[in-house]
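Kindly return the folded structure for what I paste below:
(4 chains)
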2 protein chains.
Amino acid sequence: MKLMPSPTAAPELVLERFLPYRLSVLTNRISGQIARLYERRFDLTIPEWRTMAVLGRFGPMSANEVAERTRMDKVRVSRAIARLARKKRLMRRPDSDDGRRVVLSLTPEGRAVFEEIVPLALGVEARLLAPLSAAERALLERILARLEECAAANFAGSEDAASQRPPRGGAQRSSVSRRRAGIGSSRT
Amino acid sequence: MKLMPSPTAAPELVLERFLPYRLSVLTNRISGQIARLYERRFDLTIPEWRTMAVLGRFGPMSANEVAERTRMDKVRVSRAIARLARKKRLMRRPDSDDGRRVVLSLTPEGRAVFEEIVPLALGVEARLLAPLSAAERALLERILARLEECAAANFAGSEDAASQRPPRGGAQRSSVSRRRAGIGSSRT
DNA sequence: TGGCATTAGTTTCATTTGAAACTAATCTGC
DNA sequence: GCAGATTAGTTTCAAATGAAACTAATGCCA
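Residues are numbered from 1 along each chain as shown, chains lettered A, B, ... in the order given. Next up is the predicted model:
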């Protein structure tokens, strides 16, 4: 039987049971498999695939809208678009109403690739969910929604840090802040 | 009411509802928050933190054992160790029995940092789990375990790809295989 | 004993990444 | 109109990353 922890017992942290760590390992594995699949069969990175996915599903839109929908930053989107354009999987049409915008749309070839990938992607998802019962899936859905909400809230709450930024040429930055603040990419 | 899908209806893929994508976004957010926390307060990256976490919890071990426990590749571990050693948070003692091995252990300073972080990390986890009921947490545990199992199985099943590798100097590699096979880092 | 495969750990190198800077077009207030 | 602020998208640059090569010590077995 389990004894009561002594009043002074330090709480334990075992990495293998720590939720953020577990999520990270799990997600990276899944993303890795998917990335390999897309790369090997379609010469497609995950940012490229995500871009195609939203264009394929929702039709033409600007790079910014792609960034919002995929939650990728605009740099990644910009590069994904450049590569897709090079491979002739999407077209960029300057917006006549707003000279800054560029409207993106899949080429017929891009759409063909998209339509070939969709069932594969859904198949991966189905295989992942296969061992779960319907009830478990429903609960997973709810749990994910809550965690997303919670993470988004905390996320928003910590954005202040970047507010007062010194200009680039501005000489010194502490060695701490110099070490990349960059963070959670997961090429996924 | 919902109509039956027509026999020819293509299954739909909406990125925002696609499990691998959702996991990725969620995980990156969480990892990002944590990384910011560790970096700002302790000048510690996630690979460094993971290394300290296993050394702090399980005591001295070799770099390889750290890699196994943290599921990081040995390159990452090697670099994390180098940085931690530079910052005097861990010590490397050559193993007298096996000249290849180096036994790592936290310095007193490293341990102090470790003990300061543990409650913070557990706090982050607790905040994440706060909106979930006990029943939901239990089910989350089960679901995670199943997904991990499933992902690990598929993972193992797809390792063959790297088997016959051409030597480095070996002239050409296809543009496909040249484009990094690298994948799911998520600096997490 | 000696040679060849293996293991621990590091280094090299090509690539990805994102914050910050940058360019160019549009909006805003006056 | 028109100056300054904002927005769309790209480029620059300093890391981080990991596959493959490398170095060095062991294991194995003949």
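
Low-confidence stretches in chain A?
A:1-10, A:154-188 (pLDDT under 70).

quick one, strands of it?
In chain A, the strands defined using DSSP state E lie at A:61-62, A:90-94, A:102-106.

among the ones you listed, which is the most enclosed?
Highest mean neighbour count among the strands of chain A (mean count of other C-beta atoms under 10 Å in any protein chain shown): strand A:102-106, with a mean of 19. From N, CA and C alone the C-beta is placed, and that goes for glycine too.

contact partners of it?
Contacting residues not belonging to strand A:102-106 are listed as A:51-52, A:55-56, A:59-63, A:66, A:81, A:89-95, A:114 [C-beta atoms under 8 Å, 6 or more residues apart in numbering or on different chains].

Just the angle for it relative to strand A:90-94, thanks.
160 degrees (axes from the mean of the first three to the mean of the last three C-alpha atoms, to 10 degrees).

Is there proximity between strand A:102-106 and DNA strand C?
No - using C-beta under 7 Å from any atom of the strand, strand A:102-106 stays clear of DNA strand C, coming no nearer than 10.7 Å.

Next: stretch A:14-31.
No - contact of stretch A:14-31 with DNA strand C (C-beta under 7 Å from any atom of the strand) is absent, the minimum separation being 9.9 Å.

Please write out the alpha-carbon positions of that stretch in PDB.
Coordinates of each C-alpha in stretch A:14-31 appear next as PDB, following Å, rounded to 0.1, in the frame of the first residue of the first chain:
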ATOM      1  CA  VAL A  14      10.200  12.000 -13.700                       C
ATOM      2  CA  LEU A  15      10.700  13.200 -17.200                       C
ATOM      3  CA  GLU A  16       9.000  10.100 -18.700                       C
ATOM      4  CA  ARG A  17       5.800  11.000 -16.900                       C
ATOM      5  CA  PHE A  18       5.900  14.800 -17.400                       C
ATOM      6  CA  LEU A  19       3.100  15.800 -19.700                       C
ATOM      7  CA  PRO A  20       4.900  18.500 -21.700                       C
ATOM      8  CA  TYR A  21       7.700  16.100 -22.300                       C
ATOM      9  CA  ARG A  22       5.500  13.200 -23.300                       C
ATOM     10  CA  LEU A  23       3.500  15.400 -25.600                       C
ATOM     11  CA  SER A  24       6.700  16.500 -27.200                       C
ATOM     12  CA  VAL A  25       8.100  13.100 -27.800                       C
ATOM     13  CA  LEU A  26       4.800  11.700 -29.000                       C
ATOM     14  CA  THR A  27       4.300  14.700 -31.400                       C
ATOM     15  CA  ASN A  28       7.700  14.500 -32.800                       C
ATOM     16  CA  ARG A  29       7.400  10.900 -33.600                       C
ATOM     17  CA  ILE A  30       4.100  11.300 -35.300                       C
ATOM     18  CA  SER A  31       5.300  14.400 -37.200                       C
END
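
gap between that stretch and the chain center?
Its chain's C-alpha centre and that of stretch A:14-31 lie 16 Å apart, by C-alpha atoms, centre = their mean, to the nearest Å.

and the closest residue to A:Leu13 other than its chain neighbours, how many residues sit next to it?
Once flanking residues are discounted, A:Leu13 sits nearest to B:Val118: 4.7 Å by C-beta to C-beta, 6 or more residues apart in numbering or on different chains. By other C-beta atoms under 10 Å in any protein chain shown, 18 other residues sit near B:Val118.

what's the answer for A:Gly99, then?
8.

What values do phi and psi take at it?
phi -60, psi -10 (degrees, to the nearest 10).

Spell out which parts of chain A neighbour DNA strand D.
So far as C-beta under 7 Å from any atom of the strand goes, chain A lies against DNA strand D at A:62-65, A:74-75, A:77-79, A:81-82, A:92, A:98, A:100-102, A:178-180, A:182.

Just list the residues touching A:Leu37, thanks.
A:Leu37 touches A:Leu120, A:Val124, counting by C-beta under 8 Å, 6+ apart.

try A:Phe58
Neighbours of A:Phe58 in contact, by C-beta under 8 Å, 6+ apart: A:Arg69.

Hmm, B:Leu132 and A:Leu19 touching each other?
No - shown here, A:Leu19 and B:Leu132 do not form a contact pair, counting by C-beta atoms under 8 Å, at 10.6 Å.

if I pick the closest residue to A:Thr51 other than its chain neighbours, what's in contact with it?
Excluding the flanking residues, the one nearest A:Thr51 by C-beta to C-beta, 6+ apart is A:Ala80, at 4.7 Å. Each residue near A:Ala80 by C-beta under 8 Å, 6+ apart is listed here: A:Thr45, A:Pro47, A:Glu48, A:Arg50, A:Thr51, A:Met72.

Among these, which one lies nearest to chain B?
A:Arg50 (6.3 Å; C-beta to the nearest C-beta).

Could I get the contacting residues of the residue nearest to that closest one when sequence neighbours are not counted?
Leaving aside its sequence neighbours, A:Arg50 sits nearest to A:Thr70 (C-beta to C-beta, 6+ apart; 4.3 Å). Residues in contact with A:Thr70, defined by C-beta under 8 Å, 6+ apart, are A:Pro47, A:Arg50, A:Thr51, A:Ala53, A:Val54, A:Val77, B:Leu15.

Nearest to DNA strand C, out of these: which one, please.
Closest to DNA strand C out of these is A:Pro47 (5.3 Å), distances taken as C-beta to the nearest atom of the strand.

can you count the residues close to the closest one?
24.

Now for A:Thr51: which residues touch it?
A:Val66, A:Thr70, A:Val77, A:Ala80, A:Ile81, A:Leu84, A:Leu90, A:Leu104.

ok, of the residues of chain A next to DNA strand D, which come out buried?
A:Ser62, A:Ala63, A:Glu65, A:Val77, A:Ile81, A:Arg101, A:Val102 (16 or more other C-beta atoms under 10 Å in any protein chain shown).

Next, the contact list for A:Arg92, please.
A:Ile81, A:Ala85, A:Val102, A:Val103, A:Leu104.
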